[in-house]
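**Q** I would like the atomic coordinates for the input below:
(one chain, ligands or ions: 1)
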Amino acid sequence: MAIVLGPNQYGKAENRLVTVTRDGSVHTIKDLTVSTSLRGDLADTHLTGDNSKVLATDTQKNTVYAFAKESPVGEIEDFALRLGRHFVSSQEAITGARVLIDQHAWERIDGHDHSFVQGSNEKRTTAVTVEGDRAWVVSGVRDLVVLKSTGSEFHGFPRDRYTTLKETDDRILATSVTARWRYQGVGGADGGIDWAETFAEVRRLVLATFAATHSLSLQQTLYAMGEAVLRDRPEVAEVRLSMPNKHHFAVDLSPFGLENDNEVFYAADRPYGLIEGSVLRDDAEDAGSAWHTLPAF
Ligand SMILES: O=c1[nH]c(=O)c2[nH]c(=O)[nH]c2[nH]1
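**A** Below you'll find the model as predicted:
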């Protein structure tokens, strides 16, 4: 029997980066959480403590802030690709990089040039993987919370001795959407993709489909969302969705002699159903390392 070093990576997680871009008195801010991690010929540090091939996580952090100054951050996908390619091309021992970026949403306060409000907890995300001269981009949205107060049913499920759930033809459907989509055709170049436009359109399609789908299950809604994105966006190969069923239970008001006609609900925060799935083209480009180390959904 021999004991060997398995897969490993290391980096600086959750660098908080805020940039202010000034156009006269009109400011634009970008609020990012950037995580870098590197892979490569790193056996020595694990086996003997020889750090000669270890680009310090502190250096990785500094690189994030210096890059933000040296050229405009731009879209998070471009920034992540620049960082990932830099680490892989500048360090001989480093063969792969993974850069994760979450962009926090700020809106300008109406009529004010340099005041902002964080209106929602929603995040735009990207996960870029660089391996040698190849690259994969998986972008997404997190904490996109939606609710419809009708147009949702759930019935026809098996009943065994433990089943108590009543069938319903009218319930609240609420979820917090995490969606990640894998771009095809990034490869060595950037594929001429307009990251901002795809993000805006995927988000719009997810919201429009949630609203327009008369839901017989959250699973059906999930599939419809993914399908809508793939129908409209040829640059997207695959969509993975993770959607907690944020249960709203009609409160039993009968002890008070009151009828609850789907008007008063208890919003439970846990436990929650967790509905997850992937929707993809059957002729999609190979995913390569795109999803490596990301959550399954
Ligand atoms: O849309 C739903 N899918 C389920 O699988 C499920 N299970 C459950 O108890 N309620 C629901 N709702």
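**Q** so what's Glu227 closest to, chain neighbours aside?
**A** Of all residues not flanking Glu227 in the chain, Val279 sits nearest, at 5.9 Å (Cβ to Cβ, 6 or more residues apart in numbering). (C-beta placed from N, C-alpha, C; glycine too.)
**Q** Can you give me the neighbour number for the one you found?
**A** Using other Cβ atoms under 10 Å, Val279 has 19 neighbouring residues.
**Q** Kindly provide the distance from it to the ligand.
**A** Going from Val279 to the ligand by Cβ to the nearest ligand atom, to the nearest Å gives 17 Å.
**Q** contacting residues around that residue?
**A** Going by Cβ atoms under 8 Å, 6 or more residues apart in numbering, Val279 touches Leu222, Tyr223, Met225, Gly226, Glu227, Val229, Leu230, Glu238, Val239, Leu241.
**Q** which phi and psi does the fourth one have?
**A** The phi and psi torsions at Gly226 (degrees, to the nearest 10) take the values phi -60, psi -40.
**Q** Just to check, it is in contact with Leu241?
**A** Yes: here Gly226 reaches Leu241: they are 6.1 Å apart, a contact under Cβ atoms under 8 Å.
**Q** What residues does Ser115 make contact with?
**A** Ser115 makes contact with Arg108, Ile109 under the criterion Cβ under 8 Å, 6+ apart.
**Q** Now do it against the ligand, distance only.
**A** 41 Å.
**Q** Among the contacts of Val279, which ones lie close to the ligand?
**A** The subset of the contacts of Val279 within reach of the ligand, by Cβ under 6 Å from any ligand atom, is empty.
**Q** could you dump stretch 103-115 to PDB, C-alpha only?
**A** Taking C-alpha atoms only, stretch 103-115 is exported to PDB below (Å, rounded to 0.1, in the frame of the first residue of the first chain):
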ATOM      1  CA  GLN A 103     -21.200  40.500  -8.600                       C
ATOM      2  CA  HIS A 104     -23.400  42.200  -6.100                       C
ATOM      3  CA  ALA A 105     -26.300  44.300  -7.300                       C
ATOM      4  CA  TRP A 106     -26.200  48.100  -6.700                       C
ATOM      5  CA  GLU A 107     -28.600  50.500  -8.300                       C
ATOM      6  CA  ARG A 108     -28.100  54.300  -8.600                       C
ATOM      7  CA  ILE A 109     -30.400  56.300  -6.300                       C
ATOM      8  CA  ASP A 110     -32.700  58.200  -8.600                       C
ATOM      9  CA  GLY A 111     -31.300  61.500  -9.600                       C
ATOM     10  CA  HIS A 112     -28.000  61.000  -7.700                       C
ATOM     11  CA  ASP A 113     -24.600  60.700  -9.500                       C
ATOM     12  CA  HIS A 114     -22.700  58.900  -6.800                       C
ATOM     13  CA  SER A 115     -25.200  57.300  -4.300                       C
END
